[in-house]
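*Asks:* pasting the sequence and the predicted coordinates here, then a few questions.
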Amino acid sequence: MMTDEEKWFFDLNGFVVLRNAIPGADVERMVERALKWHKLPDAQLPRPVETYGGEAKGNVPGKMRALCHVEYADEVFSRTAMNREIMRCVLYLTDNSPQMLMSAVQIYPKGSGDLGLHNGQVGAIRNPANDYQVGDGRVFATFLNAAIMLVDHPAGMGFCCVPGSHKAYFRHPPTFNTRSGFPIYCPPAKAGDVILFTENLTHGALSWEHDAYPRVAMFFRYSTSYATWSVGWNVKPDYRHLVSDDLAELMAPMPFQGRKKVVDKVLKELAPTT
C-alpha cells in the first residue's frame, strides 16, 4: 500500500510527506475549530476536549497550546483520523495492526518558541512500543505520528527533524539542538500535506515567526494495537456515542493474534479495482 519510492524514502529518512492528503474543506473546518477553541478556557471547551498537560501548564498566552480528544467534538477530526491516505501507510507500517492512540490539534502563535529535539534511536536494544525494523522487503514501525499541516509551512519554521536518526546508534551531543543547522531539516509543506514519521525519529519544531497567521497543525498518533506506548487512551466510555464504530475499534487495543474488522474494511476499500 506504500509505493516503492515511499518505502525507500521513509526508510532512508524516517518520514514521508503525503501531499494534498486532506481535502481543503476539511482543512478549513479544522482551522476554524482550532482557532475558536484556542480562545476559550478549558471549562468552556466541548467535552471531552481539554488542554494537554492541564490548562494551567498548557494554556499560556503566546505559547503553543495542544487540545486533545478533538475527534469527539467535531466529525471532521474523527474523519481525518481515518483518512485513507494516512491509513494506507499506517496499515502497511504496522503490519495491519493499528491503534489510534491519541489526537491533538496544536496552535503556535508567532514567537511561541522552539520545541526541543526529542526521541531517536540509541543503541541496539529496541523498545517494542517504539520499534523500527526493516527486513524481507518490508518496513515495520510500532509507533507513528501523522502531523497534518493545516496552514502553509515555509522552510525554516515548524516541524523539524534529523533525517535518518531513527536508525542512529549514538545519542546526539548535548550541545546539538534545533538551531545547530545541518543536519536539522524542516520539510516545506502546504496546508493539507501530512508528514508521517516514526517516533524513533529525532524531531522537534522551530519557532513560528510568520506574520500573517499562527501555525495550526493536527497530530494523530498511531501504535500497534498490541504493543502500545500509552495505556488508557482508548475510547472514553462516557463519550463513546460521539465517535463512529470504525473509529472506536481503531482506538481500541487488541491482542497480537487478531485482526480488527475496521482493518479488513479499509483494506477492501484500498484494494485496486480490476
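*Replies:* Sure thing, it's come through.

*Asks:* what's in contact with the lengthiest helix in the chain?
*Replies:* For the chain, the longest helix by residue count, based on DSSP state H, is helix 24-38. Contacts with helix 24-38, where a contact means CB atoms under 8 Å, 6 or more residues apart in numbering, come from 45-46, 49, 65, 67, 70, 73-74, 76-77, 79-80, 105, 107, 148, 150-151, 191-192, 214, 216, 218. Any C-beta I mention is one placed from the backbone N, CA and C, and that applies to glycine too.

*Asks:* what's the following helix or strand after that helix?
*Replies:* Heading C-terminal from helix 24-38, the first helix or strand you meet, by DSSP states H and E, is strand 50-51.

*Asks:* same for that next one, what does it pack against?
*Replies:* strand 65-68 (3 or more CB pairs under 8 Å, 6 or more residues apart in numbering; DSSP states H and E).

*Asks:* name the next helix or strand downstream of the strand it packs on, please.
*Replies:* helix 75-81.

*Asks:* quick one: contacts of that following helix?
*Replies:* Contacts of helix 75-81 from elsewhere in the structure, counted by CB under 8 Å, 6+ apart, are 22, 26, 29-30, 33, 70-72, 86, 100, 103, 105, 148, 218, 220, 243-244, 247, 250.

*Asks:* which residue ranges of the stretch 151-274 of the chain form strands?
*Replies:* For the stretch 151-274 of the chain, applying DSSP state E, counting those that start in this stretch gives strands covering 158-161, 194-198, 203-206, 215-224.

*Asks:* in CSV: the ones you listed, plus mean neighbour count and mean pLDDT.
*Replies:* As requested, the strands of the stretch 151-274 of the chain are exported to CSV (neighbours: other CB atoms under 10 Å; pLDDT from 0 to 100):
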stretch, mean neighbour count, mean pLDDT
strand 158-161, 24, 95
strand 194-198, 25, 98
strand 203-206, 22, 94
strand 215-224, 24, 96
